[in-house]
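[1] coordinates for the following, if possible.
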Amino acid sequence: MKIPTNLKHKPVIVSDNYENVDGRYAYHTDAKGLSLGLAQWNDRGKVDISAKVWRHTGGKWSRQSEELPLHRVLDLAILVCRAKLHFREAYRYEKLYDPEKPVIDRVGLQGDAMTVAVCTENEKIDEDIKLFSQALSDDDELIGERLKTLSRILKEMGY
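    Predicted structure coming up:
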């Protein structure tokens, strides 16, 4: 399915066939495409690039399509990686984290740091973290394949 080009987000680089590779939802997803392009929130004289997940209901393009600035996409990738790293050793904790020290890491970015922590404000964190850990484990092959690909491309880029 071709991504529309007549809307406010202006696609430049696209993956029109994303529904075929959308993880465990492949071939059964409303996420039909990914794009990198000119952000819909651009004002005159200001150009931001964004990433967009294009959702289609079967009848029309969905308002639930998401658009994010590229730095947020990368910040989410950092969050995923840091979470995966935490859960490699989480078995050492009775609750899969240390309730006395819920902060997992502080990742330095732009002269400050992004805090990565277990959400202790979640009143059901003890059961939700177990479900999260299990889902992360169940999807290990899907996530691992993407992380290996990302690692390879980053190495090709010199990172």
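
[2] now the helices for this protein?
    70-89, 125-138, 140-156 (DSSP state H).

[3] Serialize these to TSV and add fields for mean pLDDT.
    Output for these, formatted as TSV (pLDDT from 0 to 100):
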stretch	mean pLDDT
helix 70-89	96
helix 125-138	96
helix 140-156	97
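
[4] let me see the contact set for Phe132.
    The contact partners of Phe132, taken as C-beta atoms under 8 Å, 6 or more residues apart in numbering, number zero. (C-beta placed from N, C-alpha, C; glycine too.)

[5] on that earlier part again, which of the helices of the chain sits closest to Val116?
    The closest of these to Val116 is helix 70-89. By C-beta to C-beta, the value is 4.7 Å.

[6] wait, isn't Val14 in contact with Leu34?
    Yes: between Val14 and Leu34 there is a contact under C-beta atoms under 8 Å: 7.0 Å.

[7] CSV for the helices of the chain, including distance to Tyr97?
    Listed next are the helices of the chain as CSV, based on distance: least, C-beta to C-beta, whole Å:
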stretch, distance to Tyr97
helix 70-89, 8
helix 125-138, 6
helix 140-156, 19
